[in-house]
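Participant: Need a 3D model of the sequence below.
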Amino acid sequence: MSLPTARSTPDPDENNVVHLADARARAAATEPTAVVERAPEVLDAEVVEDDAPTELVQVDQPDSSDDSTWVSRLRETERLPIIPGYLRTLSEVRQTAAWVGRHYAHATGYHAARTPLYLLKLAARSPQGALLLMAATGRWVADAEGRPLRREMAVRGEAEKYLRLVQERNARVRFRTVLLAAGSALGVVLLVLLPGVAPEWVWWVCVTAALAVLGKLGTPQDRPVAGRAVVGPQAQKLTSDVVVRALSSLGIGGINQAVGKNAHAIGFTAPITRDGPGWRADVELPPGVTATEVVEKRDKLASGLGRPLGCVWPENNASGHPGQLVLWVGDRDMSKAKQPAWSLRRGGAVDLFKPQPFGTDVRGRWVEVTLMFVAGIIGAIPRMGKTFTLRELLLIAALDPRSELHSYDLKGTGDLSPLAPVCHRYRAGDDPEDLEYAVADLRALRQELRRRTKVIRELPKDLCPENKVTTELASKRSLRLHPIVIGVDECQVWFEHPEFGAEVEEICTDLVKRGPATGIVLLLATQRPDSKSIPTQISDNAVLRFCLKVTGQMANDMVLGTSSYRNGERATQFSFSDKGIGLLKGVTDETKTVKGVYVDGPGAETIAGRARALRTAAGLLTGYAAGLDAEVVDGDVTSTLLPDVLAAMGSADKMWSESIVERLAELRPGAYGQWADQDGKGRAVQLAAALKPHGVSTGQVWGTDADGKGANRRGLTRADVAAAVTDSASK
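Facilitator: Alright, predicted model coming up:
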């Protein structure tokens, strides 16, 4: 017989049975989170072992309550506009209302013109509708909708439920049969009595309505009666899943690794919303991934989104950190999207000291530029719209009648010829005489720059507090501080010239650095952006930069500035179909993708004609446009006009304008010969327009003609001209 084994009481210090789950929980509760062990103080002494516990310092401190935290958060928040952008100004309200009105007026007219066709379609489809109506009525009367439930009860063998459903069905069928009979009888009575009681038009209205209802019932869903009056672009809605899937297809290691570990590694800082004619997504990329990496792969991103390349525009978030991406996906390709009407195609004069519409961004919003106080560079490969962009800027300048235009088409094809009627100086070509003409003009402009700096320096502080030209000073003709805009296409011809290149570079550098403050604006365009075609000192000091498609990093940075390519500003992303589209820098804090306004040759001539009319009315037609464009080497021809008039008058105290012009033509045939080809009235108008900027006006003076006959005609007095010469010399 076996006896039970005696068990002694377990020793608490030996071989305890421990519950593993409880032990792990206690260990996790007592284990400190990330701690830093404080290093002992370094002493010049003998090392002695110390077994005392070392004090631990916790790195992750608990959140401290701060009453001002919510205030600081409120200060950092961005307040969205209360009033939508299309309702902020009266002009935008008018444009929006006009667009909406035209839209619905077009839709109304479209459908009104097709109303007879719609009626024929409805009549043709009414028999099918009648059959469908009778079939639906029969199913309703027979309670066909309850048949599946009754069949199911019969299959299950639930006799009680089945009988109850049959009774309900029979009662429902009897009631509906009575309703159908009553309605049919009423319809027959109305059909018989209505033609004799009601007017004929009521009968036709009822017949038309019945045919319309039956035709609508007989219309298939895929063949509507009325077509679309306005067809808009059909674009897929942008969702977070679509964005994440597209970003994951770019082959960026940081994104793939993060998404592989966590499906929600790509975040969004704001909801995906409609932004203009497209969708906007504010994306938070995984740690270590920058928005520039995504911008580099714009073509792959467009493929991942399943959209045309011209619809996908990723960019850095200028107000966030480098890992925040702003993705805008348009409904239509930017190069094919219709631009809003350019306000400068019609209207009056503009003020160059105020922003003027230049182009539209990817969202179709106008981007404005201020031409004053800047020097500009335009670069692109051939046939991308570089010359058209320069011509657009010069047209904007021409619409300010105070401005003085100097246009040089060094390509020689005449692309800037529409501007000739308003130019103070104009040449097309790179022949030796053209280059000599341009160098003489640049020398005169440098002298004008020095004169302007002296005038600005000596002006009272209340008139010129910032020591630069203002719109008020530019309007004072006595100061001669009007805007001067110089536009040069294919500027590399100047800078690479073996004889004049160094001098031209020196003068242009001075104009770029000091010219903007004095009202002188230099705009350079080239199809080969490099250090030779645009000298470094000029490219480094230019403010306004517009880079259309280029093929390399060096050309990109020569136009947009050093390190632009590395910072994600890459004009290499544009395709050959993106004509007129480029990166615009220097207008705002952000570099924008902008599509310039396309103005063809006839359109440019129309705008230039309007600008010439403004100048003629203001008496500001000068230089080449006024027929005063002599070949000189040093100085501006217009600076000799007053002394030439005094020389033409001789010792006479008064003289008719037509007589003065005749003598001026004898004095300088190259300068004033074209003036003398006009009749007497034309000569007087020409001389008055040329003298107006100098503050000299013509009036009625007494004189005699060759036959000795006296008369009052428009003319000048010697005292007025001499006073103007004295005032000019003192400035």
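Participant: and the gap between the nearest residue to Leu217 once chain neighbours are set aside and Val197?
Facilitator: Closest residue to Leu217 in three dimensions, ignoring its sequence neighbours and counting by CB to CB, 6 or more residues apart in numbering: Gly129, at 3.5 Å. Quick note: C-beta positions are derived from backbone N, CA and C, even for glycine. Relative to Val197, Gly129 is positioned 27 Å away (criterion: CB to CB, to the nearest Å).
Participant: re the thing from before, any idea of the pLDDT on the residue nearest to Leu217?
Facilitator: Gly129 carries a pLDDT score of 86 in this model.
Participant: and what of the one 5 residues further on?
Facilitator: Residue-level confidence at Met134 comes out at 88, pLDDT.
Participant: Ok, Arg26 next?
Facilitator: 56.
Participant: Next: Leu548.
Facilitator: Note on Leu548: pLDDT of 95.
Participant: Would you agree it is in contact with Ser575?
Facilitator: No: with contact defined as CB atoms under 8 Å, Leu548 does not count as touching Ser575 (11.3 Å).
Participant: Tell me how far the most centrally placed residue in the chain lies from Glu168.
Facilitator: Geometric centre of the chain, nearest residue: Asp361, 2.2 Å, by CA atoms, centre = their mean. According to CB to CB, Asp361 and Glu168 sit 66 Å apart.
Participant: so what's Ala438 closest to, chain neighbours aside?
Facilitator: Take Ala438 and drop its neighbours on the chain: the residue closest to it by CB to CB, 6+ apart is Tyr408, 5.7 Å away.
Participant: no wait, Asp720
Facilitator: Closest to Asp720 by CB to CB, 6+ apart is Val696, at 5.6 Å.
Participant: and that neighbour, what does it touch?
Facilitator: Leu642, Leu716, Asp720, Val721, Ala724 (CB atoms under 8 Å, 6 or more residues apart in numbering).
Participant: For those, which single residue is the most surrounded?
Facilitator: The most crowded member of the contacts of Val696, judged by other CB atoms under 10 Å, is Leu716 (27 neighbours).
Participant: Same question for it, what's its three-state structure.
Facilitator: strand (DSSP: H, G, I helix; E, B strand; the rest coil).
Participant: Tell me which residues touch it, please.
Facilitator: Applying CB under 8 Å, 6+ apart, we find Leu716 in contact with Val645, Met649, Lys654, Met655, Ser657, Ile660, Leu687, Leu691, Val696, Thr698, Gly699, Val701.
Participant: same deal with Leu481?
Facilitator: Here Leu481 is in contact with Arg452, Val455, Ile456, Val469, Leu473, Ala474, Thr518, Gly519 (CB under 8 Å, 6+ apart).
Participant: from the residues you listed, which is closest to Gly306?
Facilitator: Taking CB to CB as the measure, Gly306 lies nearest Gly519 of those, at 51.0 Å.
Participant: what number of residues lie near Ala688?
Facilitator: Per other CB under 10 Å, the neighbour tally for Ala688 reads 17.
Participant: quick one: what helix or strand has it in it?
Facilitator: For Ala688, the host element (DSSP states H and E) is helix 680-691.
Participant: name the helices or strands packed onto that helix?
Facilitator: Judged by 3 or more CB pairs under 8 Å, 6 or more residues apart in numbering; DSSP states H and E, helix 680-691 is in contact with helix 641-649, helix 657-667, helix 669-676, strand 710-717.
Participant: And the next helix or strand past that helix?
Facilitator: Counting by DSSP H and E, what follows helix 680-691 is strand 699-704.
Participant: Outline the domain layout of this structure.
Facilitator: Per the record, the chain has its domains at 109-217, 240-330, 356-606, 636-730, by automatic domain parsing.
Participant: distance between the ends of the shortest one?
Facilitator: Put plainly, it is domain 240-330. Terminal residues of domain 240-330 are spaced 16 Å apart (CA to CA, to the nearest Å).
Participant: What of the first one?
Facilitator: Here the two ends of domain 109-217 are set 26 Å apart, with distance taken as CA to CA.
Participant: now do the longest one
Facilitator: Length of domain 356-606, first residue to last, CA to CA: 19 Å.
Participant: In helices only, show me the contacts of Leu481.
Facilitator: Among the contacts of Leu481, DSSP state H puts Arg452, Val455, Ile456, Leu473, Ala474, Thr518 in helices.
Participant: Next, work out how far apart the last one and Arg156 are.
Facilitator: So that's Thr518. 98 Å.
Participant: what's the answer for the third one, then?
Facilitator: Distance, Ile456 to Arg156, by CB to CB: 101 Å.
Participant: got the buried residues for stretch 561-578?
Facilitator: Of all the residues in stretch 561-578, those buried under the rule 16 or more other CB atoms under 10 Å are Gly561, Ser564, Tyr565, Asn567, Gly568, Glu569, Arg570, Ala571, Gln573, Phe574, Asp578.
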